[in-house]
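Peer 1: Quick one, fold the following:
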Amino acid sequence: MQTRVGRRALAVACGLWLAGASPAAAQTASDQPSDSEGLATGSLQDLLETRVPELRDDAGLTAVAVAAMIGGDLAGAAVSGERRRNSGISVTVDDRWHMGSITKSMTATLLAVLEEDGLLFPDDALTALLPDVEMADGWSACTLDHLLTHTAGVAANFPDEFQDVWPETAEELVAERRRFIADALADEPESPCGERFQYSNVGYTIAGHIAETVAGEPYEALIQNRVFLPLELFSAGFGPPRGEYADREPVGHAVLQLGSVRVRVPVDPFETRADNSPLIAPAGTVHMTIGDLARYGATHLDGEYGSEPVLLPQPSWERLHAPFLDDYARGWVRQERDWAGGSLIWHNGSNSYWYALLMLLPATNMTLAFVTNDGDIEVANAAFGDLAQELSAAVLEPAEPATDDGAVRGAIGGAGHSGVKLTDARVK
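Peer 2: Below is the predicted model:
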């Protein structure tokens, strides 16, 4: 029998988990094969090896992984905790983690690649990009760029029944995605295009479908071939990480309040679907290792500020990071923060059982990646924000404590931008 897991969003207040759990010994990058073999040594590595297990223990999270890159070099990485709570099976730096809405920046990157190919342009109208989809009249003023900046007036989420749709083939997936998109576009926009920010998983799903329509290839294969493989993000895939057998990869954890006690419940992909429907893959179902997440972020940072950007020319990277309304760019939020030394470019994501945060700090040429397989989103968000400030302070010159100007928890936890808040996950 299938049971529904209730919706959780960042707007719901989360407290610290109060029930006991067996602590897992920290595993640091120096203990691991593959990604760990080329890890840096030095101040950031030492700091992460100390702080990551402390963070996980203090926050009560199931497992945590953090990586820092400066330029194109890995400056440090460490992990701590368990793949499944109370299992005694420790996470490693080669484990894969669910990215949630960080996927949106990847979809925007794919569309920029297709623009370079001449297959579409940001100012193309939706009616021209999807000519076979009947749309209400109001969509004639909306463009692809409106979708990517969350200003198209698209509903935040599809109706609940989309969670019951799990196509078995790529062709069926494209067809079902198109069916739900056509239903959404049959209604008038909720606000005039370009005038109001409204975070929308539907909007990014439409954007992904535009990509697969103009390129003639399903979104999942297209982004693998045009973004992940060229950037050598070989761990990237879709849905909850799933190995050859149970506990071969981390599992996400729902956080439930039982009276005065908060408990974690593993959400095992061998036992349940453990994610949102693949219909919304372009909005938030990618997974990858912590190393690949950090490398992906460093590619974006180098694309705007480096001398030899890859995949796209520099103006395309700059456009992806340029805010339109309410600090939201195209799959990224860009804000000014004293503790970051200037601009902070970031996005986060969650399907309610995982949390991921990716931050780019141009002033120090530093990329920070944080992940957890725990659904205590607000606690994880605050802990990651505090560590981000600490890591930034360790690199900034002069080496003085960074000013806490509302802290990153304010920068990334505010209404309107969070991939967590508006993911509105409900998994069967």
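
Peer 1: what residue of the chain is the furthest out?
Peer 2: Here the centre of the chain is the reference, and by CA atoms, centre = their mean the most remote residue is Asp137, at 32.9 Å.

Peer 1: Quick one: residues contacting that one.
Peer 2: Residues in contact with Asp137 (CB atoms under 8 Å, 6 or more residues apart in numbering) are Glu188. Bear in mind the C-beta positions are built from the backbone N, C-alpha and C, glycine included.

Peer 1: Recalculate using a threshold of 10 Å.
Peer 2: Asp137 makes contact with 127, 188-189, according to CB atoms under 10 Å, 6 or more residues apart in numbering.

Peer 1: Provide the backbone phi and psi angles at Ser90.
Peer 2: Note on Ser90: its backbone torsions stand at phi -80, psi 150 [degrees, to the nearest 10].

Peer 1: next one: Ala383
Peer 2: The phi/psi pair for Ala383 (degrees, to the nearest 10) reads phi -60, psi -40.

Peer 1: does it really touch Leu61, like I thought?
Peer 2: Yes. Using CB atoms under 10 Å, Ala383 is in contact with Leu61, at 7.4 Å.

Peer 1: before we move on, back to that, pLDDT score for the residue farthest from the centre of the chain?
Peer 2: Looking at Asp137, its pLDDT is 96.

Peer 1: Likewise for Trp317?
Peer 2: Looking at Trp317, its pLDDT is 98.

Peer 1: cool, and Arg85?
Peer 2: Model confidence at Arg85 (pLDDT) stands at 97.

Peer 1: ok, back up a step: for Ser235, see how far away the residue farthest from the centre of the chain is.
Peer 2: In this structure, Asp137 and Ser235 are separated by 44 Å, where distance is defined by CB to CB, to the nearest Å.

Peer 1: Repeat that for Tyr204.
Peer 2: 22 Å.

Peer 1: which of the two has more neighbours?
Peer 2: When neighbours are counted by other CB atoms under 10 Å, Tyr204 comes out ahead of the other of Tyr204 and Ser235, with 27 against 20.

Peer 1: Just give the nearest non-adjacent residue to Ala182, would you?
Peer 2: Val133 (5.0 Å; CB to CB, 6 or more residues apart in numbering).

Peer 1: how close does Asn348 sit to Asp338?
Peer 2: With distances taken as CB to CB, Asn348 is found 20 Å from Asp338.

Peer 1: my bad, Trp139
Peer 2: Distance from Trp139 to Asp338, counting by CB to CB: 41 Å.

Peer 1: Looking at these two, which is more packed in?
Peer 2: Neighbours of Trp139 and Asp338, each counted by other CB under 10 Å, are more numerous for Trp139; the result is 25 against 14.

Peer 1: you'd agree the more buried one is up against Glu190?
Peer 2: No. Trp139 lies out of contact with Glu190 (CB under 10 Å); the separation is 11.5 Å.

Peer 1: Between these two, which contacts overlap?
Peer 2: Residues touching both Trp139 and Glu190 (CB under 10 Å, 6+ apart): 152-154.
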